[in-house]
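# The following comprises the amino acid sequence and a computationally predicted model.
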Amino acid sequence: MATYADAKTPRPATIPSASAVAAALLLGLTAVPAAAGDVTVQLTTSARSEAVKWYARHLDCEPIETRAEAIDCGNAVIEFNQGPIMGASQGTGIDHIGFSFADLEEKMAELEAVGVRGSGVRLQRYDDGSTLREEPGLFKVGRIFDPWGTRIEVVEDLDTLGFHHVHLSASDPERTLGWYRETFGGVPESLRGVQDGLRFGEVWLFASEHPEGRPAPSAGRAIDHLAFEVADLDTAAVGLRDRGVRFTMDPERPAGGRSEAKRGFVSAPDNVRVAVIEPGWQGVDADFGSDADEVASAEPYVVPRTPWGTPDLQGMWSGNKAHGIPLERPEELADVEELTAEEAAARRERGTLGSIWGYEREWRDTTLGYVKSAPSRQVAMIIDPPDGRIPPLTEEALERQRNARQSFGDYVRRRPAGPEDLSAYVRCITRGVPGMMMPSIYNNGLQISQSPGFVAIQKEMIHETRVVPTDEREPLGPGIRQWLGDPQGRWDGDTLVVETTGFNGRTNYRGSSENMKLTERYTRLGPNRLEYQFTVEDPTVWTRPWTGRFEFELDNEQYELVEYACHEGNYGMTNILSGARARDREEAAAAAAETGSGAQ
Amino acid sequence: MPALVLPVQAQDAGDPVPRHYDGNPDINGVWQAINTAHWNLEDHNAAGGPAEYGTLTTMPPGQGVVVGGEIPYQGWAREQQQENFENRWREDPEAKCYLPGVPRATYMPFPFQILQGNTHIMIVYGFAEANRTVHMDKENPEPAPIDSWMGRSHGRWEGDTLVVEAAGFTGQAWFDRAGNFASDTLRVTERYTPTGPNTMTYEATLEDPNVFTRPWTIRMPLYRRLEDNVRVLEYKCVEFSEELLYGHLRRREDTPTGDDP
């Protein structure tokens, strides 16, 4: 809906696109001409189970027992696709969807309290800072985004609660509504004499003029398509074709379809993707991708050799697959051997949502080829101790931590006086080891180069290269301590073992000290799999050593390290410090004003 | 510059050049230039630095490494270089701990290690974690996907000379502490030619039609570091540059603070 006095049409440019919703909105509307019935909406999301949770929690939809990838929103069903998201819904021919609540003020307060972090809620405020306002002649209205880029209008229309409307953005709104009426039925009605639309059952379909008159195609965007239901698709298709409707995909039972129901796609005005489905439609199984080396080979894998005879670990490896694996085993997964593919996708999605609200989701999904690799199903990194938990701290470390906690609290409250108050990572000095090896949301490249007697391990973020001698040599003298320590490598069969000591103690991994001994084991498990094991020993910190592991995946075809010139482009440091100084001045001015008024 | 006591052995023309597994010269190892090119590629007299440090920051005199003597700058560019020189204590990217670019990384007063493998050559420089991947397995040089400080490098062997073509630079790097510079259209062709087990000749031809009137070349020997167990040590200089870069944003004692009591 939402043709408003001051915003006649959606204005895509005003809203930064939320980080990717991975849900295709499948709005299934009954498609028998003039037979308004149930509506199904289909959204696309990068993690279907997370999307189901989100819509259940925030928009009061009901999970459907037989379908993990869809949710019942009362007047319409929303289906979630699994896949990369190519952008938010705004700007496409399907601008947004609407939900109606009996007490919108209460709902907005609830959503505002959730915040944007994690699988949160992004509010779009009005110019005066408010989250909702009264539309003349209508009702209260507010605007939010789901975490994957679907724009949602929330309204207080007591006549229609729950799923309320689909709002198209069209080059010619009148013609567009006419097309939907003639093609799929729908009853022309006016919403309180203010906005004309069509009713499909309880659901409204509105259309407004696109600001530039050129809506983008919906396919691949956060709201991928709408769906309308017809009794018999083959019969209906004949009629639709007779009326000049073009099928972009002929009716068929799709691969992975979970019922006998057929589905076809037609092209609606402005390249809006519309599905036509049959009763009993149960969605399509998601494709979670497959592990590169999952297909078991009868032949045992033989690790290749360099021309000079050592195991060959060289290549461009990526840690993308491992992103999302927690270091420690969650207690509720104590007895779980490995996650299902869907659980793994959902976990990585949570990790992404928890860290990239400020980034364009499209950038991650498309530019980095992120979703290309199936997420790891490994439950946790730590494999020793067997419970998957970091072992207890020593008395000495506990004591230090008690004191540190004090100062850590100070640190968090303290505004940085200078660069030294920020972490070595923020300062672009180093991520330390094994910290630099840990997967992150981007720049996960790992380039391994070898020459006779040496292995160079280069991590993309933040362009640090560790040159590891594999011939035994004297360690550096005790007078030399380095951020990344002094590595000594050796070959143990097919495995590269790297032992590192000699740390300067100015960066730490999970509380490690300069006494840490880090033992890493790099082993090729298959043509595309590199296992990375790390054992952390620090008797001044932990009561026993502990070991974690995860895998890198070979990506020679696509991947090339970019020069992560972190320090050269560290605008963040300038911004953080100038912001801190601005706060200093504000507070000093406020304090001066208070002193002045107190003196009077 | 650091005092270098190097047992540079006399070059023996009779010594065969060590060979890699593939028959090409083996240039694996830790190398370093010994000259004053990092102060100024051109001829230069001794000059003082910030007076409070006495002679510690002076520029030692040196003979230039530019073949033919002078860098063939376009008129405006020579003026720019001189302005750079005047502002060098604040503006030199080295002072800011920025990546040094090519060819500067080669002759800074830090060792660098060459890791010569079978598909590419990795060069790890002592200064600021700088490194380069020299692609040896591409039939034709590929354009850099994105500009970078160290550029994109493709190498090939021409006889016993390793020829590396590098391009795709940001244009922000300098060549030395004298403010010699180029733009982002710089192309560098380097030639590493072993002259014995512990020495090689390094040549770099620099082309940039937006800054110079013609291509020009620098030439210098590089020496293998022969100390037992010599390493390229970690030189993370970021923290040493922070006062220069962010000092104006530091809370000073005479500045009112917003700290909790």
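Done, it's in.

# can you map out the helices along chain A?
A:48-59, A:104-114, A:173-184, A:233-242, A:341-355, A:361-362, A:395-413, A:571-599 (DSSP state H).

# Next, the angle from the fifth one to helix A:48-59.
Pointing back at helix A:341-355 there. Per axes from the mean of the first three to the mean of the last three C-alpha atoms, to 10 degrees, the angle that helix A:341-355 makes with helix A:48-59 is 60 degrees.

# Using CSV, list the CA coordinates for helix A:341-355.
Coordinates of each C-alpha in helix A:341-355 appear next as CSV, following Å, rounded to 0.1, in the frame of the first residue of the first chain:
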residue,chain,number,x,y,z
ALA,A,341,23.5,-29.0,5.9
GLU,A,342,20.6,-26.8,6.8
GLU,A,343,21.8,-26.2,10.3
ALA,A,344,25.2,-25.3,9.0
ALA,A,345,23.8,-22.8,6.6
ALA,A,346,21.8,-21.3,9.3
ARG,A,347,24.8,-21.1,11.6
ARG,A,348,26.9,-19.3,9.0
GLU,A,349,24.0,-17.0,8.3
ARG,A,350,23.8,-16.1,12.0
GLY,A,351,27.6,-15.4,12.0
THR,A,352,27.2,-13.1,9.0
LEU,A,353,24.2,-11.3,10.4
GLY,A,354,26.0,-10.8,13.6
SER,A,355,28.9,-9.1,12.0
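
# Tell me which residues of it come out buried.
A:341-353, A:355 (16 or more other C-beta atoms under 10 Å in any protein chain shown). Bear in mind the C-beta positions are built from the backbone N, C-alpha and C, glycine included.

# shaky segments in the stretch 251-400 of chain A?
Residue ranges of the stretch 251-400 of chain A with pLDDT under 70: A:287-298, A:354-372.

# hmm, I was thinking of chain B
For chain B, counting by pLDDT under 70, the residues that fall below are B:1-15, B:253-261.

# mind checking how far the lengthiest helix in it is from the chain centre?
Looking across chain B with DSSP H, the single longest helix is helix B:75-86. Relative to its chain's centre, helix B:75-86 lies at 20 Å (C-alpha atoms, centre = their mean, to the nearest Å).

# Mind checking what helix or strand follows it in sequence?
Using DSSP states H and E, the next helix or strand after helix B:75-86 towards the C-terminus is helix B:88-91.

# for the helix or strand following that following helix, packing partners?
Downstream of helix B:88-91, the first helix or strand assigned by DSSP H and E is helix B:104-107. Contact analysis of helix B:104-107 by 3 or more C-beta pairs under 8 Å, 6 or more residues apart in numbering or on different chains; DSSP states H and E lists strand B:120-125, strand B:199-207 as its packing neighbours.

# which one of those strands is the most hemmed in?
Ranked by mean neighbour count under mean count of other C-beta atoms under 10 Å in any protein chain shown, the helices and strands packed on helix B:104-107 are led by strand B:120-125, which reaches a mean of 23.

# coming back round to it: to chain B, which of the helices of chain A lies closest?
helix A:571-599 (3.4 Å; C-beta to the nearest C-beta).

# Pull out the buried positions in the closest one.
Result for helix A:571-599 [16+ other C-beta under 10 Å]: buried residues A:573, A:576-577, A:580-581, A:584.

# That helix close to chain B?
Yes - looking at helix A:571-599 against chain B by C-beta under 8 Å from any C-beta of the partner chain, the contacts come from A:573-574, A:577-578, A:580-581, A:583-588, A:591.

# of all the buried residues of helix A:341-355, which comes closest to A:Thr150?
A:Thr150 has its nearest neighbour among these in A:Leu353, at 13.9 Å by C-beta to C-beta.

# Might one say that that closest one is in contact with A:Pro147?
Yes - A:Leu353 is within contact range of A:Pro147, at 5.2 Å (criterion: C-beta atoms under 8 Å).

# nearest residue to B:Arg219 other than its sequence neighbours?
For B:Arg219, ignoring the flanking residues on the chain, the nearest one in space by C-beta to C-beta, 6 or more residues apart in numbering or on different chains is B:Glu203 at 4.8 Å.

# which stretches of chain A aren't confidently modelled?
Residues of chain A that meet the cut-off, pLDDT under 70, sit at A:1-42, A:44-47, A:84, A:117-118, A:287-298, A:354-372, A:404-413, A:597-600.

# can I get the helices and strands packed on helix B:104-107 in JSON lines with distance to A:Thr535?
Below are the helices and strands packed on helix B:104-107 laid out as JSON lines (distance: least, C-beta to C-beta, whole Å):
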{"stretch": "strand B:120-125", "distance to A:Thr535": "26"}
{"stretch": "strand B:199-207", "distance to A:Thr535": "41"}
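
# So which residues of the stretch 1-150 of chain B form strands?
For the stretch 1-150 of chain B, applying DSSP state E, counting those that start in this stretch gives strands covering B:29-33, B:112-116, B:120-125, B:131-135.

# And the first one, how far out from the chain middle?
Between the mean C-alpha location of strand B:29-33 and the chain-wide mean there is a distance of 12 Å, by C-alpha atoms, centre = their mean.

# Buried residues in it, which are they?
Going by neighbour count (16+ other C-beta under 10 Å), the buried part of strand B:29-33 is B:29-33.

# now for it, which elements pack on it?
On a contact count with 3+ C-beta pairs under 8 Å, 6+ apart, strand B:29-33 meets strand B:112-116, strand B:216-224.

# Deepest-packed of those, please.
The stretch of those with the highest mean neighbour count (mean count of other C-beta under 10 Å) is strand B:112-116, at a mean of 24.

# neighbouring contacts of that strand?
A:449-451, A:454, A:456, A:467, B:20, B:26-32, B:105-106, B:121-126, B:232 (C-beta atoms under 8 Å, 6 or more residues apart in numbering or on different chains).

# Tell me the secondary structure at the nearest residue to A:Gln482 once chain neighbours are set aside.
Once flanking residues are discounted, A:Gln482 sits nearest to B:Glu234: 4.3 Å by C-beta to C-beta, 6+ apart. The local conformation at B:Glu234, judged by DSSP: H, G, I helix; E, B strand; the rest coil, is coil.
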